[in-house]
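Asks: below are the sequence and a predicted model for it; my questions follow.
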Amino acid sequence: MYNYATLDHIAKIGTDLFSTDYRRVEEVERADAILVRSSKMHEMAFSDQLLAIARAGAGVNNIPLDRCAQEGIVVFNTPGANANAVKELVIAGMLLASRDIVGGIDWVKANAADPDIGKAAEKVKKQFAGRELTGKKLGVIGLGAIGQRVANTALHLGMNVLGYDPYISVGAAWNLSRNVQHVSNVEEIYRNCDYITLHVPALDSTKGMISKAAVQQMKEGAVILNFARDLLVNEEALLNGIDAGRIRAYVTDFANPTVAGAQGVIVTPHLGASTAEAEDNCAIMAVEEIRNYIENGNIINSVNFPRCDMGECSAESRLAVLHKNSKGTLAAITSIVGDADVNVADMTNKSRDVYAYTLMDLDSALPKDLVAKIDALESVIKVRVVK
Ligand SMILES: NC(=O)C1=CN([C@@H]2O[C@H](COP(=O)(O)OP(=O)(O)OC[C@H]3O[C@@H](n4cnc5c(N)ncnc54)[C@H](O)[C@@H]3O)[C@@H](O)[C@H]2O)C=CC1
Ligand SMILES: O=C(O)C(=O)COP(=O)(O)O
């Protein structure tokens with residue numbers, strides 16, 4: 001029997017995929033797996049029992065990835081599962097920043113009791129006039145699951161799209177329309193685009209990337225959209241740009257005291273992934289990842305350990321070893337298995353930065369002290385008998 005805990009609302013269609021071998025627990029200390037969305041986990045202590053954390057979503061800056069790796073906890077996310085939902089809200093954000101839709105709706109609400117509202121509306125509407133997206137330049141920074149969808153959709157709206165992503169994956173590049181103009185210097189986007197949208201993860205290398213200097217280079221009337229993370233942007237600098245009349249609007253999905261209520265800023269309460277479809281997709285993918293890891297030892301879509309997929313185990317037993325990516329570790333593990341007179345039927349060893357993973361199918365049952373011997377190796381983090 002395995003225990004799982006949820007820190008946020010996780011769609012039932014996903015948790016229903018746990019078999020009767022799993023039960024939900026309230027206390028995270030008793031959990032073998034945790035499902036999370038945006039809850040902050042940096043201050044949390046993790047029990048030795050915890051095997052996996054699945055982020056039902058994309059961004060993992062709420063999880064201490066390296067500490068988890070050091071403690072043998074595999075962290076997963078659900079790439080692309082909520083990307084369409086975010087894309088649609090980004091398009092809505094561009095429209096909200098281009099036409100004073102909110103101002104117009106507010107005016108109608110405020111004048112609802114006026115019997116001559118229709119006539120008054122015709123008089124007042126020039127106050128809420130705006131501009132169109134067609135023909136404008138959109139710069140997309142980060143062309144992953146969300147960025148490439150935003151770029152492709154914007155082309156359909158008749159926008160000229162510039163894309164910047166020095167680390168674009170082959171999969172994302174295949175999905176990107178060839179009509180997206182590739183730029184290798186992000187400043188080209190700052191200087192030329194009427195709309196700039198951010199779709200990069202919050203990393204040490206991206207925090208504050210929309211700096212004061214970046215804002216100063218931006219075109220007169222530019223609209224900045226941030227559905228990625230607030231700490232990517234120097235928001236004070238952007239607000240100064242708005243006050244000076246240079247920046248038309250800042251659209252952000254992250255409410256904080258700096259932006260809430262500020263002039264020229266459109267703030268939504270982190271709604272990017274809040275659609276029924278995205279919540280279902282994320283929950284299903286997260287539960288499948290956890291089950292595949294717990295039951296088969298396979299690691300798919302981890303953000304702190306390498307990918308490793310050996311399917312279901314048809315051999316007598318399967319051993320999973322999370323370890324440091326250090327010289328001699330694999331040889332030490334296989335020699336312990338060899339010394340125990342156990343034949344290795346199949347094996348995968350993968351590394352990712354300083355961490356590695358070895359998954360081993362064995363032709364016989366595991367001798368009693370084999371796990372303890374592997375566990376005693378200095379570079380081994382966690383050993384688990386999967387079967
Ligand atoms: N508002 C919301 O509810 C949501 C927000 N997000 C945020 O959006 C981010 C992106 O999500 P996805 O597109 O699904 O992730 P993804 O991993 O598919 O794409 C991220 C892209 O950013 C690129 N990148 C990394 N560093 C870069 C840099 N310095 N300059 C330019 N590009 C860079 C990567 O190469 C990758 O292609 C997430 O990390 C998360 O913070 C994601 C989902 C929902
Ligand atoms: O997937 C992401 O990165 C998101 O920001 C979505 O967050 P949420 O799952 O809605 O709390």
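Replies: Ah, there it is. Ligands and ions are numbered 1, 2, ... in the order given.

Asks: and Pro306, what does it touch?
Replies: Taking C-beta atoms under 8 Å, 6 or more residues apart in numbering, we find Pro306 in contact with Ile299, Lys350, Ser351, Arg352, Tyr355, Ala356, Tyr357. C-beta here means a position set from N, CA and C on the backbone, and glycine is covered the same way.

Asks: what about 6 Å?
Replies: The contact partners of Pro306, by C-beta atoms under 6 Å, 6 or more residues apart in numbering, come to Lys350, Ser351, Arg352, Tyr357.

Asks: tell me the most packed of the residues you listed, by neighbour count.
Replies: Tyr357 (23 neighbours; other C-beta atoms under 10 Å).

Asks: in the longest helix seen in the chain, what's buried?
Replies: Longest helix in the chain by number of residues (criterion: DSSP state H): helix 276-296. Using 16 or more other C-beta atoms under 10 Å as the test for burial, helix 276-296 gives 278-296.

Asks: OK, now which residue of the stretch 1-150 of the chain is nearest to ligand 1?
Replies: In the stretch 1-150 of the chain, the residue found nearest to ligand 1 is Gly144; the distance is 1.7 Å by C-beta to the nearest ligand atom.

Asks: wait, doesn't that residue sit right on Val170?
Replies: No: at 11.9 Å, Gly144 does not count as touching Val170 under the criterion of C-beta atoms under 6 Å.

Asks: could you measure the closest residue to Val259 other than its chain neighbours against ligand 1, distance?
Replies: Sequence neighbours aside, Val265 is the residue nearest to Val259 in space, at 4.8 Å (criterion: C-beta to C-beta, 6 or more residues apart in numbering). Between Val265 and ligand 1 the computed distance is 16 Å (C-beta to the nearest ligand atom, to the nearest Å).

Asks: Val265: neighbour count?
Replies: Number of residues near Val265 (other C-beta under 10 Å) recorded here: 20.

Asks: tell me what it is bridged to.
Replies: According to DSSP bridges, the residues that bridge with Val265 are Tyr250.

Asks: quick check: the gap between it and Leu65.
Replies: 31 Å (C-beta to C-beta, to the nearest Å).

Asks: over to Asn179?
Replies: 36 Å.

Asks: so how many other residues sit close to Val259?
Replies: If we define neighbours as other C-beta under 10 Å, then Val259 has 20 of them.

Asks: and the helices in this protein?
Replies: 12-15, 65-70, 83-98, 101-110, 117-124, 145-156, 170-175, 186-192, 212-217, 235-243, 276-296, 329-339, 370-375.

Asks: let me have those in JSON lines, extended by mean pLDDT and distance to Leu162.
Replies: Shown next, in JSON lines, are the helices of the chain (pLDDT from 0 to 100; distance: least, C-beta to C-beta, whole Å):
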{"stretch": "helix 12-15", "mean pLDDT": "98", "distance to Leu162": "37"}
{"stretch": "helix 65-70", "mean pLDDT": "98", "distance to Leu162": "31"}
{"stretch": "helix 83-98", "mean pLDDT": "98", "distance to Leu162": "15"}
{"stretch": "helix 101-110", "mean pLDDT": "98", "distance to Leu162": "26"}
{"stretch": "helix 117-124", "mean pLDDT": "98", "distance to Leu162": "37"}
{"stretch": "helix 145-156", "mean pLDDT": "98", "distance to Leu162": "9"}
{"stretch": "helix 170-175", "mean pLDDT": "94", "distance to Leu162": "15"}
{"stretch": "helix 186-192", "mean pLDDT": "98", "distance to Leu162": "6"}
{"stretch": "helix 212-217", "mean pLDDT": "97", "distance to Leu162": "14"}
{"stretch": "helix 235-243", "mean pLDDT": "98", "distance to Leu162": "20"}
{"stretch": "helix 276-296", "mean pLDDT": "98", "distance to Leu162": "27"}
{"stretch": "helix 329-339", "mean pLDDT": "96", "distance to Leu162": "45"}
{"stretch": "helix 370-375", "mean pLDDT": "96", "distance to Leu162": "52"}
